[in-house]
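Chemist: sequence unknown, structure follows:
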């Protein structure tokens, strides 16, 4: 689908193409949004669990197959309207008249149009919404006595506009009337296929025989079909993608003089009269509710084959897709279809046959396996030890099918080893599983299905198979995905996910007593300090261990890091905990924050006699109570009397503008917590505002100090990148990354802010309390930043559904800074730095689409979808307010 992306310049700057007007809504189709979280089923007896593609990809060290590799999915997301189509549209400056326009490009339900007569002049191109604009098929004005009049700007260009229209419309395509009005208006092809739609399905063995099937389900274009006459029998249901060449509209057989007969395997189930009655009924129903022809507009035309009877080739066995076998062309039906039979040399054999055409999946020339280092299974009954094609052909007296009979056998479409995707289970087409690419050889790839309970061999599929889908496809279409049981089990062992399990044990095995660590208790009631979130600490297990010292301490540190306001800061502090007298071991720990994963090497003691000292050193470094995690449980009063200190701190943070108490310069940092509490405090340096609009977790009862969460993203990232290794991960904020103290919003004096009005009623009675808090905080923000802001602060209450965005200024006039400020006020705030680095202004923002965001910003699918959602809101508001 043309979107003008080819005119962009990459290398730090994004520029608006002069050839195409910016799309006000973007080309993010409804089903192109593939979220990465999915409710999956392990088996019929297991409960639902959350499967997260992003986490799984990171844990497995793999990547998702590019969504552009799935040609059939990309096609299914395209609009029913095609560039070059003609239609009649109302004149902008004369509402009583119409003129013919040409579709330049499509973008979801939006069309970029150019009035006929402008030729190559793009200046008057305009966008319109097919759902609301005054659009009609060519000929509508004549039928309804409406005036056709060219726009004023070009009226003098031709003297005879009637002659011009006749010449311009000759041989052109008109936009289908049913897509411009009625219930099908503006729908994509896959949305035109509804439940109970009727289609003709080609027989799997006879290309001249069809039977009508009814659509039971439409899952993103993947259709569950049932033969008419077998309405109560699901044993013969089939799953096919709507682009499959075997599917035809009802009436196609009659036009081409083919037979309508039930398949041989189901024919004995009914009498001839019953089959005829079912057929007659289906034909009548199909005539009443015909399937729009636009459904079949993307079906590929079959090219003529050059195969003859007796030619040899290699095929993937359709009955056992784990092996490649020698086969023979056993019958030629016509220029399009042949019958290929898998060789079987046994006397009593009944060899399997398949219907093929020139571009059939899984057929390769002779010697393909040898050239690609793939095992070729010899024919059943073959007497030799090693199969040799030359010897076999000589024995059979057959020739090999020439290379030119096959399509490009080396085209891999970008699939690579270890990439992940979602694939149909060959043994049960109703199931879609998590799959990993084991090997790619030319057009074939070997898939390991990780969602199956019984591990099996790798299955072979063609790179253009319509039974494979990108990660997140099932979730986007509301279909169950079978996920790897191991990934789920690992998830369940983490106490943070399952907080009811309050103890984490390690297998004791035969641990030497010197290296055995007692159970370490996480005493979350103790003072948590400025770095750790008290609410998250309360969700951790009560104890970890006993077990090997390194394992227990590593698990405790990992839990503590992930309980921090800024995990990266805590990881950096832990790097500094060391003592030359320790018997230590270096371990790599991870911290996730703001879309990055930071790794650092931390020294961990190995012997039990040093555990207590190690724990106290870590607590001192984190400025928390020395008993926060310790071999001694704190059930009531802490020996350090930190409860009084905690209460004092809480009052100071939340009751007095959230200042952070710090010791005066030169004071001994090792002073006890109680003595340090009495020292004079200094105001912590104010930071840039961080406005987080993420829903808070209700389970968090207490928050840590607000001041510790106010550091700017830029300073944090720079400091961490210098001292720790980092790698890009999903910028999507999880709850543990987005939580900030709910008492208020940190403010920065003089900071520039932006205002986008929401049509959502902030004064709604049901949200009175929440609305008052939001208004109070936003009034403070406006007081500080209204002077410098070309756009004003977001004024949106966090309500469902999300309110319509109303812009105070035209996004086409936004500067890079304006765009950055807008992104920072959304749930995609961590990505604002990318917009700054790439110099993305308002015009470039309006051109962003899901593929370009993924490719040029190097984002994973989940964060890219979230970002495109925000961009779509801006585009829709732009179109509504400024593109008229």
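Modeler: Great, that's in hand. What you are looking at is a predicted structure, and each value in this text was computed from that prediction instead of being measured.
Chemist: low pLDDT regions in the stretch 301-450 of the chain?
Modeler: Residues of the stretch 301-450 of the chain that meet the criterion pLDDT under 70 lie in 409-410.
Chemist: Over to residue 90: give its phi and psi.
Modeler: Note on residue 90: its backbone torsions stand at phi -60, psi 140 [degrees, to the nearest 10].
Chemist: For it, grab the count of nearby residues.
Modeler: Neighbourhood size, residue 90 [other C-beta atoms under 10 Å]: 17. In this view, the C-beta of every residue, glycine as well, is placed from N, C-alpha and C.
Chemist: wait, it sits on residue 140?
Modeler: No: taking C-beta atoms under 8 Å as the definition, residue 90 is not a contact partner of residue 140, at 11.1 Å.
Chemist: Determine the residues that are contacts of both of those two.
Modeler: residue 98 (C-beta atoms under 8 Å, 6 or more residues apart in numbering).
Chemist: Counting by contacts, list what the longest helix that the chain contains packs against.
Modeler: For the chain, the longest helix by residue count, based on DSSP state H, is helix 861-882. Counting contacts by 3 or more C-beta pairs under 8 Å, 6 or more residues apart in numbering; DSSP states H and E, helix 861-882 is packed against helix 53-60, strand 805-807, helix 842-847, helix 850-857.
Chemist: which one of the ones you listed is the most hemmed in?
Modeler: helix 842-847 (a mean of 22; mean count of other C-beta atoms under 10 Å).
Chemist: quick one, domains of this protein?
Modeler: 1-32+752-884, 86-179, 190-296, 312-401, 420-485, 499-641+682-730 (automatic domain parsing).
Chemist: neighbours around residue 357, how many?
Modeler: 19.
Chemist: same thing with residue 519?
Modeler: Using other C-beta under 10 Å, residue 519 has 17 neighbouring residues.
Chemist: tell me the contacts of it?
Modeler: Applying C-beta under 8 Å, 6+ apart, the residues near residue 519 are 503, 543-546, 631.
Chemist: Can you tell me which of these has the most neighbours?
Modeler: Going by other C-beta under 10 Å, residue 544 tops these with 26 neighbours.
Chemist: Test my guess that that residue contacts residue 520.
Modeler: Yes: applying C-beta under 8 Å, one finds residue 544 in contact with residue 520, separated by 5.3 Å.
Chemist: anything in contact with each of these two?
Modeler: Common neighbours of residue 544 and residue 520 (C-beta under 8 Å, 6+ apart) are 552, 556.
Chemist: returning to that earlier point: tell me which two of the contacts of residue 519 sit farthest apart.
Modeler: 503 and 631 (14.4 Å; C-beta to C-beta).
Chemist: Residue 634 and residue 366: what is the separation?
Modeler: 76 Å (C-beta to C-beta, to the nearest Å).
Chemist: show me what contacts residue 518?
Modeler: Contacts of residue 518 (C-beta under 8 Å, 6+ apart): 545-546, 608, 611, 631.
Chemist: I'd like those residues as JSON lines, with secondary structure appended.
Modeler: Shown next, in JSON lines, are the contacts of residue 518 (DSSP: H, G, I helix; E, B strand; the rest coil):
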{"residue": "545", "secondary structure": "coil"}
{"residue": "546", "secondary structure": "coil"}
{"residue": "608", "secondary structure": "helix"}
{"residue": "611", "secondary structure": "helix"}
{"residue": "631", "secondary structure": "coil"}
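Chemist: Out of these, which comes closest to residue 558?
Modeler: residue 545 (13.4 Å).
Chemist: and the gap between the closest one and residue 608?
Modeler: 11 Å.
Chemist: Quickly list what's touching both of the two.
Modeler: With C-beta under 8 Å, 6+ apart as the test, residue 545 and residue 608 both reach 517-518.
Chemist: Provide a list of residues in contact with residue 63.
Modeler: Contacts for residue 63 (C-beta under 8 Å, 6+ apart) come out as 57, 418-420.
Chemist: Show the pLDDT at residue 226.
Modeler: Here the pLDDT value assigned to residue 226 is 96.
Chemist: which strand residues sit across from it in the sheet?
Modeler: Judged by DSSP bridges, the bridge partners of residue 226 are residue 214.
Chemist: if I read this right, it contacts residue 239, doesn't it?
Modeler: No: Residue 226 is beyond contact range of residue 239, at 10.8 Å (criterion: C-beta under 8 Å).
Chemist: mind listing what residue 854 touches?
Modeler: 67, 860-861, 864.
Chemist: Can you check those and name whichever has the most neighbours?
Modeler: residue 864 (29 neighbours).
Chemist: Name the next helix or strand following the strand ranked longest in the chain along the chain.
Modeler: In the chain, ranked by residue count with DSSP state E as the criterion, the top strand is strand 428-441. Using DSSP states H and E, the next helix or strand after strand 428-441 towards the C-terminus is strand 444-449.
Chemist: could you give the angle of that following strand to strand 428-441?
Modeler: Angle of strand 444-449 versus strand 428-441, following axes from the mean of the first three to the mean of the last three C-alpha atoms, to 10 degrees, is 130 degrees.
Chemist: Just the residues contacting strand 444-449, thanks.
Modeler: For strand 444-449, contacts defined as C-beta under 8 Å, 6+ apart pick out 316, 362, 364, 374, 412, 415, 421, 423, 425, 433-440, 456, 458-463, 468.
Chemist: do stretch 76-83 as well
Modeler: By C-beta under 8 Å, 6+ apart, stretch 76-83 touches 1-2, 29, 31-32, 103-109, 111, 130, 173, 175-176, 179, 187-190, 192, 220-221, 241-243, 294, 297-298.
Chemist: just checking, which of the residues you listed belong to strands?
Modeler: Those of the contacts of stretch 76-83 lying in strands (DSSP E): 103-107, 111, 241.
Chemist: if I look at the closest residue to residue 529 other than its chain neighbours, how far off is residue 554?
Modeler: Computed as C-beta to C-beta, 6 or more residues apart in numbering, the closest residue to residue 529 that is not its neighbour in sequence is residue 624, at 3.3 Å. Residue 624 sits 19 Å away from residue 554, going by C-beta to C-beta.
Chemist: Those two: which has the busier surroundings?
Modeler: More crowded of residue 624 and residue 554, by other C-beta under 10 Å: residue 624, with 25 against 18.
Chemist: Please list all residues in contact with that one.
Modeler: Counted by C-beta under 8 Å, 6+ apart, residue 624 has contacts 526-529, 531-532.
Chemist: Now with 7 Å, please.
Modeler: Neighbouring residues of residue 624 by C-beta atoms under 7 Å, 6 or more residues apart in numbering: 527-529, 532.
Chemist: sec struct for it, please.
Modeler: Of the three states, residue 624 takes coil under three-state DSSP.
Chemist: So among the contacts of strand 444-449, which ones count as buried?
Modeler: 316, 362, 364, 374, 415, 421, 423, 425, 433-437, 439-440, 458-463, 468 (16 or more other C-beta atoms under 10 Å).
Chemist: pretty sure residue 461 is in a helix, no?
Modeler: No: Residue 461 is assigned strand when assessed by three-state DSSP, not a helix.
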